[in-house]
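Chemist: Pasting the sequence and the predicted coordinates here, then a few questions.
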Amino acid sequence: MALSFDVISIGCLSRNRLWREQQAVRAAHATTTVIRDAGQTILVDPSLPAELIVHRLDERTGLKPEQIDRVFLTSFQPVHRRGLTAFDRAEWLMYPDEIEAFKTHLQQVLATGADADQEQMDLIRQELRLLERIEPAPDKLTKAAHLFPTPGITPGSCSLLLVPTTTTIAVAGDAVINRDYLEHGRVYERCTDATQATQSLAEVIEIADLIVCGHDNLVVRQTRGT
C-alpha cells in the first residue's frame, strides 16, 4: 500500500494571541491525523474525547478503532491524548525523550507533594500508569514515516516526517502550532524552551513541503525557508 494520510479532525487553540484573544474563548483540541503505509495504520494525537474521535475516524476514513495498529503522540500534553483509550488494542508510542521528561517531572511532583491534595496526587499516579503503557517509538514507524524530533514546546516533542517520492510532509504537532503563528515565524508562547522551539520551527519549515499543524489544518509550503 502506498503512503497516504488524512487529517480527520482539525484542531484549534483555546485562545489565539495573534487574534488579540487574552483569555480562553473555546475548547482547545489538537489536530488528529491518520497515516497508512505498508499495511500499517497509525493514528496521531487522538485529541477529541473517545466517542467523538471514533465517530470522526469513521466519517473521514471508514476505519474502526480496532483497525488502528499504532497510536503516536507528538506530546504527552493532555490535549493530544483525550481519546487514547478508545484505541486500547493498538500499540501506543511516543518519543523516548518525552516519556522520560514527563516521567521524571511527575515522579518529582509525587515525591515532594506530601502535603498536596490527595485527589491531585491520585491524578499524578494515574498519569504515571499511563506513561508505563506507552512504548518508546522506533526511529521509523514505517519505511516512509520517520520520527523527526522537534523539542521546545515540551522537552521531547516529536513530529513525524513522511517521505514519499516527491513530497515531504511534516505532521508537526505543536512545533508548528497553526497557520497564523507559522506565517509570523512564531512559536507557541507556552513552551518549555523558546530557543529550542524556535530552532525546531525553522527545521520543519526548511524540510517540509506540506505541514500538518498541531492545532490547525494542513498548510502548503510553496517556498522553503521563508
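Modeler: Thanks, I have it.
Chemist: so how far is residue 107 from the spatially most central residue of the chain?
Modeler: The residue lying closest to the centre of the chain (Cα atoms, centre = their mean) is residue 74, at 3.1 Å. For residue 74, the distance to residue 107 (Cβ to Cβ, to the nearest Å) stands at 22 Å. In this view, the C-beta of every residue, glycine as well, is placed from N, C-alpha and C.
Chemist: Then residue 93?
Modeler: 21 Å.
Chemist: which of the two has more neighbours?
Modeler: The neighbour comparison of residue 93 against residue 107 (other Cβ atoms under 10 Å) goes to residue 93, with 21 against 13.
Chemist: Return the backbone torsion pair for the more buried one.
Modeler: phi -130, psi 150 (degrees, to the nearest 10).
Chemist: quick one: pLDDT of it?
Modeler: Residue-level confidence at residue 93 comes out at 98, pLDDT.
Chemist: got a list of what it touches?
Modeler: Residue 93 sits next to 70-73, 134-137, 141 when contact means Cβ atoms under 8 Å, 6 or more residues apart in numbering.
Chemist: Can you flag which of the residues you listed belong to strands?
Modeler: Taking DSSP state E as the definition of strands, the contacts of residue 93 contribute 70-73, 135-136.
Chemist: Return the residues in contact with residue 54.
Modeler: Residue 54 touches 64-65, 83, 86, counting by Cβ under 8 Å, 6+ apart.
Chemist: Who wins on neighbours among the residues you listed?
Modeler: Most surrounded of the contacts of residue 54: other Cβ under 10 Å gives residue 83, at 25 neighbours.
Chemist: and the gap between that residue and residue 150?
Modeler: Separation of residue 83 from residue 150 (Cβ to Cβ) stands at 22 Å.
Chemist: Check residue 139 too.
Modeler: Taken as Cβ to Cβ, the span from residue 139 to residue 150 is 14 Å.
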